[in-house]
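Asks: need coordinates for the below:
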Amino acid sequence: MGFTSDKQRRFVMSHIKGRIGIQVSSKDRALLENLKEKPQISNYEETLLAVMEARKVPKSTKQLAKDANMEWQTADKYLNKLEKSGFIKSIKTTGKTMWQIKE
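Replies: From the prediction side, this is the model:
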């Protein structure tokens, strides 16, 4: 996936917010229209981000997989990719990993 700039991250998150019905600021709307290098994001990543953005509370891999209607292993793979790209962060707790969107 390889996002190289904060603008690309903002682009994706603005797209996700619009997808789930959250108002997008005029500044971010302009970014959606004008960003020259539009980042590519998989449907799995987009779905996981949308689920996380809609809830705003840390969730486990198992909870996110269930909410996103995907297998645990698939969710785990794409959550790790999203973390490496700087979209989300993991919170290690006893026996499980919780995930949340980076602010």
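Asks: list the buried residues for the helix or strand harbouring Val12?
Replies: Per DSSP states H and E: Val12 is located in helix 6-19. Buried residues in helix 6-19, counted by 16 or more other CB atoms under 10 Å: 8-17. No exception for glycine: its C-beta is placed from N, CA and C like everyone else's.
Asks: over to stretch 51-64?
Replies: Across stretch 51-64, burial judged by 16+ other CB under 10 Å covers 51-52, 58-61, 63-64.
Asks: do the same with stretch 62-74
Replies: Buried positions in stretch 62-74, judged by neighbour count with 16+ other CB under 10 Å: 63-65, 67-68, 70.
Asks: centre of the chain versus it, how much separation?
Replies: Its chain's C-alpha centre and that of stretch 62-74 lie 14 Å apart, by CA atoms, centre = their mean, to the nearest Å.
Asks: so which elements touch the host helix or strand of Asp67?
Replies: Assigned by DSSP H and E, Asp67 belongs to helix 61-68. Judged by 3 or more CB pairs under 8 Å, 6 or more residues apart in numbering; DSSP states H and E, the packing partners of helix 61-68 are helix 43-55, helix 72-84, strand 96-101.
Asks: again, only this time at 10 Å
Replies: helix 43-55, strand 59-60, helix 72-84, strand 96-101 (3 or more CB pairs under 10 Å, 6 or more residues apart in numbering; DSSP states H and E).
Asks: columns mean pLDDT and distance to Ser25 on top of those, output as CSV?
Replies: What follows is the helices and strands packed on helix 61-68, written out as CSV (pLDDT from 0 to 100; distance: least, CB to CB, whole Å):
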stretch, mean pLDDT, distance to Ser25
helix 43-55, 86, 15
strand 59-60, 94, 26
helix 72-84, 93, 22
strand 96-101, 92, 16
